[in-house]
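Participant: Take a look and give me a structure for this.
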Amino acid sequence: MTDYTIVEKYQLGKSSTIAVRPFFSVGKENMGLEQYGLSLHDGVFHEETLACLEMNGVKRYVTGLNEFAPDVKMLSKDKKKAKVTEIRKVVAQLEAELAANVVDPEDKDFWNKLTVMKPDNSAFWDKISLRCGNDPVFLDPEKDPYDLIKLYAINAGGFSIVAQSLRKAKEATNAPKFYLDTAEESLSTRTELSKLRNRALVELQKLYDSNATKLMYVSKICDTDSVQYIKSTPNDILYENMDNYINGLGTESSKKRAASQFLEVSQLTMEELKIRALVKDALYYRFITTKAGGWIEPIDSGIRLGKTPSECFEFLKNPENEESLMSILDKVEPYWAS
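Facilitator: You can find the predicted model right below:
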């Protein structure tokens, strides 16, 4: 087996928009470094070689460029065909650039005719590594063959320290030190919250301008302190409280969950809003209460509404139970009108 020496002009003159960047989250403690937008201490680097899995003495490098890899085999017939075509095209390009060996991607004996890019070429793959610190590591796969290899390896999970995207880094149970930033995808992830919040604020403005009653019911459902809102509550108070709620300054501190919840609630019909608000306030005023067996019942009857507020809502929404609905409404509405 021929030995290979990898020579890279690493980071010199690279202006690609693709980069491996340090990942940090203000909400996840990292020795206090997250407060300064750092993943590592200055001057500290993480270097990792390409992942290699071994089973029964057979090595398999996680390159993203092996058509025999399990993740490729599990694809549907059409997707597998397209992936194999893509892999062979890239491998043929790399083989030509790195070994001056031209191989036809459609050759039936394609993999046997490779010299450098063979999936089991340990002399080559053992030298593929990634070194990352607080500064971004730019990748230019169109000009640098080794960057192209690293890009495919990262997307295949070949480096445990690097998440495939900002979104995956945020969703990971154990936060990675770095993530792959392909400008367009990361920008979309970074602006996702802003777009969600802005949609919620637009809906808030619509309710403020044209449907104050609905805004009052929406406020009751979103805010844990629902009884503070009555029909005479000034619109500006409703607006201010819901604006704070959407921005994570209310009872829900997660801005994403708060904005999503507001949008979801604001899409309910007036009937649904009113019944949900009714259940919430009736429980507070104890016109309905939890009794033996966990059943929620009106204090003046033994009618079982359900065991949760959601079950009570479904019960009272049913036209067959209008009498129970009106009975509870008669008790709560005076408080709303006070």
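Participant: Tell me the helices and strands packed up against the least confident helix or strand in the chain by mean pLDDT.
Facilitator: Within the chain, no helix or strand scores below helix 183-210, which has a mean of 82 by mean pLDDT, DSSP states H and E. Judged by 3 or more C-beta pairs under 8 Å, 6 or more residues apart in numbering; DSSP states H and E, helix 183-210 is in contact with helix 166-171, helix 212-222, helix 235-246, helix 255-266. The C-beta positions use only the backbone N, C-alpha and C, and glycine is treated the same way.
Participant: The second one: how far from the chain's middle?
Facilitator: In this case it means helix 212-222. Here helix 212-222 is found 29 Å from its chain centre; the criterion is C-alpha atoms, centre = their mean, to the nearest Å.
Participant: Work out the gap between the helix or strand where Y146 lies and the centre of the chain.
Facilitator: Element membership of Y146 [criterion: DSSP states H and E] is helix 145-155. Centroid separation for helix 145-155 versus its chain: 24 Å, with C-alpha atoms, centre = their mean.
Participant: now the least confident helix or strand of the chain, how far from the chain's geometric center?
Facilitator: 16 Å.
Participant: and it with helix 235-246, angle?
Facilitator: Compare the direction of helix 183-210 with that of helix 235-246 by axes from the mean of the first three to the mean of the last three C-alpha atoms, to 10 degrees and you get 160 degrees.
Participant: in helix 183-210, what counts as buried?
Facilitator: If you call a residue buried by 16 or more other C-beta atoms under 10 Å, then helix 183-210 has these buried ones: S186, T189, L196, R197, A200, L201, E203, L204, L207, Y208.
Participant: ditto for stretch 218-228
Facilitator: For stretch 218-228, a neighbour-count test (16+ other C-beta under 10 Å) marks V218, S219, K220, I221, C222, D223, S226 as buried.
Participant: Going along the chain, name the strands of the protein.
Facilitator: With DSSP state E as the criterion, the chain has strands at 18-22, 46-49, 52-55, 58-61, 129-132, 137-139, 162-163, 178-182, 288-290, 296-298.
Participant: Can you redo those as CSV, where the extra columns are mean neighbour count?
Facilitator: Formatted as CSV, the strands of the chain follow (neighbours: other C-beta atoms under 10 Å):
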stretch, mean neighbour count
strand 18-22, 21
strand 46-49, 14
strand 52-55, 10
strand 58-61, 16
strand 129-132, 16
strand 137-139, 23
strand 162-163, 25
strand 178-182, 24
strand 288-290, 18
strand 296-298, 19
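Participant: so which of these gets nearest E97?
Facilitator: For E97, the closest of those is strand 137-139, at 15.7 Å, according to C-beta to C-beta.
Participant: Check which helices and strands that closest one sits against.
Facilitator: On a contact count with 3+ C-beta pairs under 8 Å, 6+ apart, strand 137-139 meets strand 18-22, helix 145-155.
Participant: what's the distance between the shortest one and the middle of its chain?
Facilitator: Right, strand 18-22. 18 Å.
Participant: Please list the residues outside it that contact it.
Facilitator: By C-beta atoms under 8 Å, 6 or more residues apart in numbering, the surrounding residues in contact with strand 18-22 are 38-40, 130, 132-134, 136-141, 151, 154, 162, 177-183.
Participant: what is the rounded mean pLDDT of it?
Facilitator: What strand 18-22 shows for mean pLDDT is 89.
Participant: cool, stretch 294-306 as well?
Facilitator: Stretch 294-306 carries an average pLDDT of 89.
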